[in-house]
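[1] structure for the following, please:
(one chain, ligands or ions: 1)
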Amino acid sequence: MVPEIAVSKLSKDQAKAELARLAKVLASANQRYHTDDAPEISDAQYDRLKQRNADIEAAFPDLKRADSPSDQVGAAVSETFSKITHAVRMLSLGNAFDDEDVVDFDTRVRKFLGTAMGTKLLYTAEPKIDGLSLSLRFEKGHLIHAVTRGDGEVGENVTNNARTIADIPQTITGAPDVMEIRGEVYMSHADFDALNDAQVKKGAKEFANPRNAAAGSLRQLDAKITAARPLRFFAYAWGELSEPLAGTQTAAIARIAAMGFSTNPLTKTCDGPKALIAQYARIEEQRATLGYDIDGVVYKVDDLSLQARLGFRSTTPRWAIAHKFPAEIAHTRIEAIEIQVGRTGALSPVARLLPVTVGGVVVSNATLHNEDYIKGVDSKGNAIREGRDIRVGDWVEVYRAGDVIPKIRDVDLSKRPDDSVPYDFPTICPECGSPAIREEGDSVARCTGGIICPAQAVEKLKHFVARGAFDIEGLGAKQIEMFFEDAELPVKEPADIFTLENRDAQNFTKLKNRDGWGARSATNLFAAINEKRKIPLNKLIFALGMRHVGDSTGTLLANNYGSWAAFEAAMDAAFDHKGEAWEQLNAIDGVGRVMATALVDTFHKGEARDAIDRLVAELDVQDMAKRDTSGSPVAGKVVVFTGTLELMSRAEAKVRAEDLGAKVSGSVSKKTDYVVAGPGAGSKAKKAKELGVTLLSEAQWLDLIGKNG
Ligand code: IVH
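    Now for the predicted structure:
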């Protein structure tokens, strides 16, 4: 490399040439940074070159170029995709794994709708495409934007890339003014093989499977790269519509196909679980010859007015389900059993495997669940695998279902080494040495170290920044591990993330001077963190990582309490597991006693609560959007349903009342506004009379809610 001449020693000609060189190098670095996973220079080098460019410009102001890198402060190309909020949330599907689950699905749907078993009820069955979902918004027939699913609420704007996909029409005639078409982007097996061959020739990394290849291709910042990748698209659903597409799923899909979208030819209308299962078998038979990956069959209620009545249960529709194909299996040997400590302290045994390919993916770890699973017994003490235990050195059957961590199904005793010994499950936490205790009724042993256990703390932080929670750009598991160990800028609890920038400003060794960091990446990180100070309540509750509180429970609780203040006050008031706040928490559909206990107790553990308070002080927690119940005659009213309802099921009545802003309660008290009593109503109707609460028949109730219902 030619040694660099100090700026003060540059002649005017040299300075001019140097500015030209730097403009070129920095532009190329920009390009590589934005389009490739492997930038050619480090952030630190980039910053240094940019500084040199600025120094030369300061010494020779008249030589500053029109395309000076100084004027392109991250503006030339955007660093990431912009974010777009979905007009209608993109949800996931519940799963069915066997025929019985399919029958149960039909029973649930009928029960909700109050449709008798003998009455005809149509469904559609179609392949579940193993790709990534995309929402396409058309306004007046023109493609306006294409957005990935993201966390279901906010996705990435990949419009330029979607425009390069041949299956996606850009103008449509005969469509509603506003129309969002949703479907799956995927890559065929043939195109995937050809792409990987080309990658090998280029010396580039091969893709693990067609889905990863499709995802990697769609999420390219340079649309030219996407254009060169053979992506395809099947349309199967929709989001916002200014007018309905049709009266049934079948007709809507036919209309979408007529507009020029590809729809799956194996979609069939079926008249019940038996026909659905038959279509499942037909699709499964053709699976190997379809030429693209599918991982199950999706069933949907055909009548769209019934779909609307059924609605959603936090993150999944009641009117659809995915019947998954059985997982793929491979055989390999267990080389070691290691214990991982999770965010709630659970000791999870993991089998380290001799690497083996399962369904196109190399697998080298599998979960062993817990102590009992290794021993060969279930939570009730009954034998599993006919009681065969799992040992280091054993040959085992490994399977993988979807994206989840692989599991072990069985052990081949004929291959067990003579000197093998049963696995001895630890009784102390391998990370912090605290006793690991298995409480009565719990299937896992838990580290009792709490916040002093570094593994629990790190895992909690990783969960906190994960997708669906705070999802902070540039702050993933790897960076959390680094900051957790950092002596000068430690991040030991969530609140520390939000004080990072201030602490960095006061620090001697700045983040931008660390290995792997530069001014640009440090600034970006602080910006990404600040952006997330404003956080919706449901994400905050989920991010706290409390036991039993997942993504959908987070949303359930958030919708119920509406604001952080109300949620916190309720958890405080319920501290003794008694009283109104405690009863209300338990009355939420989807919250059980175990979860309620975990929630309330978290708020009453000194250190855990202090950490929550420190965090919330850094945030601007967004209340949940109140449903627009203006004009609803029952907004804020407390309603009790009792007896047999004849026009709709109890479940549907409850959901509809709640949609109109009413609170549905299970018991009658002075606070009850209406008791809706069907035939056979007993003690609750009597109590209503005693308390002078308005008693309504089902028909009177429907009159009251009028067209709103
Ligand atoms: S319907 C409200 N149909 O599966 C739910 N989804 O596990 C609308 N998927 O996020 C989805 N093939 O990405 C539907 N034929 C199909 C599908 C399908 C694949 C994906 C989709 C969804 C995921 C849910």
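[2] looking at the chain, which strand is longest?
    strand 328-341 (DSSP state E).
[3] ok, residues contacting stretch 602-618?
    Contact with stretch 602-618 is made by 450-451, 493-495, 498-499, 533, 540, 544, 546-547, 564, 568, 571-572, 575, as judged by CB atoms under 8 Å, 6 or more residues apart in numbering. The C-beta positions use only the backbone N, C-alpha and C, and glycine is treated the same way.
[4] ok but Leu461 is inside a strand, no?
    No: Leu461: not assigned to a strand; according to DSSP: H, G, I helix; E, B strand; the rest coil it is helix.
[5] hmm, back to that, what pairs with the longest strand of the chain, parallel or antiparallel?
    strand 347-358 (antiparallel), strand 395-400 (antiparallel) (DSSP bridges).
[6] which helix or strand contains whichever residue of the stretch 1-150 of the chain sits closest to the ligand?
    Minimum separation of the stretch 1-150 of the chain from the ligand (CB to the nearest ligand atom) falls at Ser133, amounting to 3.2 Å. Per DSSP states H and E: Ser133 is located in strand 132-139.
[7] which helix or strand lies directly C-terminal to that strand?
    Assigned by DSSP H and E, the successor of strand 132-139 is strand 142-148.
[8] pull out the buried residues from that next one.
    Neighbour counts over strand 142-148 (16 or more other CB atoms under 10 Å) mark Leu143, His145, Ala146, Val147, Thr148 as buried.
[9] that one and the ligand in contact?
    No: applying CB under 6 Å from any ligand atom, one finds strand 142-148 separated from the ligand by no less than 10.1 Å.
[10] where do the helices sit along the stretch 251-400 of the chain?
    273-286, 304-310, 371-375 (DSSP state H, counting those that start in this stretch).
[11] minimum distance to Leu691: which of those has it?
    helix 304-310 (32.1 Å; CB to CB).
[12] which residues does the closest one contact?
    109, 112-113, 121, 244, 246-249, 252, 300-301, 317-319, 652.
[13] kindly report the same for stretch 363-370.
    330, 332, 337, 347-357, 374, 390, 396, 398, 400, 405-408, 443-445.
[14] of the residues you listed, just the buried ones, PyMOL syntax please.
    The PyMOL command for the buried members of these (criterion: 16+ other CB under 10 Å) is given here:
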select buried, resi 330+332+337+347+348+349+350+351+353+356+374+390+396+398+400+406+407+408+444+445
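[15] and the end-to-end length of stretch 602-609?
    Chord length of stretch 602-609, first to last residue, is 7 Å (CA to CA, to the nearest Å).
[16] pull out the buried residues from that stretch.
    Thr602, Phe603, Ala608.
[17] which one of the residues you listed is nearest to the ligand?
    Nearest to the ligand among these, with distances taken as CB to the nearest ligand atom, is Thr602, at 30.0 Å.
[18] what's the mean pLDDT across the lengthiest helix in the chain?
    The longest helix of the chain (DSSP state H) is helix 12-35. For helix 12-35, mean pLDDT is 80.
[19] what about dumping the CA coordinates of it to CSV?
    Output in CSV follows, covering the C-alpha atoms of helix 12-35 (Å, rounded to 0.1, in the frame of the first residue of the first chain):
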residue,chain,number,x,y,z
LYS,A,12,-2.6,21.2,-4.5
ASP,A,13,-2.4,18.6,-7.3
GLN,A,14,-1.9,15.8,-4.8
ALA,A,15,-4.8,17.0,-2.8
LYS,A,16,-7.1,17.0,-5.9
ALA,A,17,-6.1,13.5,-6.8
GLU,A,18,-6.5,12.4,-3.2
LEU,A,19,-10.0,13.8,-3.0
ALA,A,20,-10.9,12.0,-6.2
ARG,A,21,-9.5,8.8,-4.8
LEU,A,22,-11.4,9.2,-1.5
ALA,A,23,-14.7,10.0,-3.3
LYS,A,24,-14.3,6.7,-5.2
VAL,A,25,-13.3,4.6,-2.3
LEU,A,26,-16.0,5.9,0.0
ALA,A,27,-18.7,5.6,-2.7
SER,A,28,-17.7,2.0,-3.2
ALA,A,29,-17.6,1.3,0.5
ASN,A,30,-21.1,2.8,0.7
GLN,A,31,-22.3,0.6,-2.0
ARG,A,32,-20.8,-2.6,-0.5
TYR,A,33,-22.1,-1.7,2.9
HIS,A,34,-25.6,-1.3,1.7
THR,A,35,-25.9,-4.2,-0.6
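[20] after it, which helix or strand is next?
    helix 43-59.
[21] show me which residues of the stretch 1-150 of the chain sit near the ligand.
    Counting by CB under 6 Å from any ligand atom, the stretch 1-150 of the chain sits next to the ligand at Leu91, Ser92, Leu93, Glu126, Lys128, Ile129, Ser133, Arg149.
[22] on the three-state scheme, the fourth one is what?
    At Glu126 the chain is in strand, as set by three-state DSSP.
[23] ok, and the closest non-adjacent residue to it?
    In this structure, Glu126 finds its nearest non-sequential neighbour in Thr267, 3.9 Å apart by CB to CB, 6 or more residues apart in numbering.
[24] which stretches in the stretch 401-550 of the chain count as strands?
    For the stretch 401-550 of the chain, the strands defined by DSSP state E, counting those that start in this stretch occupy 407-412, 436-437, 446-447, 534-536.
[25] any idea which of those strands is most buried?
    Among the strands of the stretch 401-550 of the chain, strand 446-447 has the highest mean neighbour count (mean count of other CB atoms under 10 Å), at a mean of 25.
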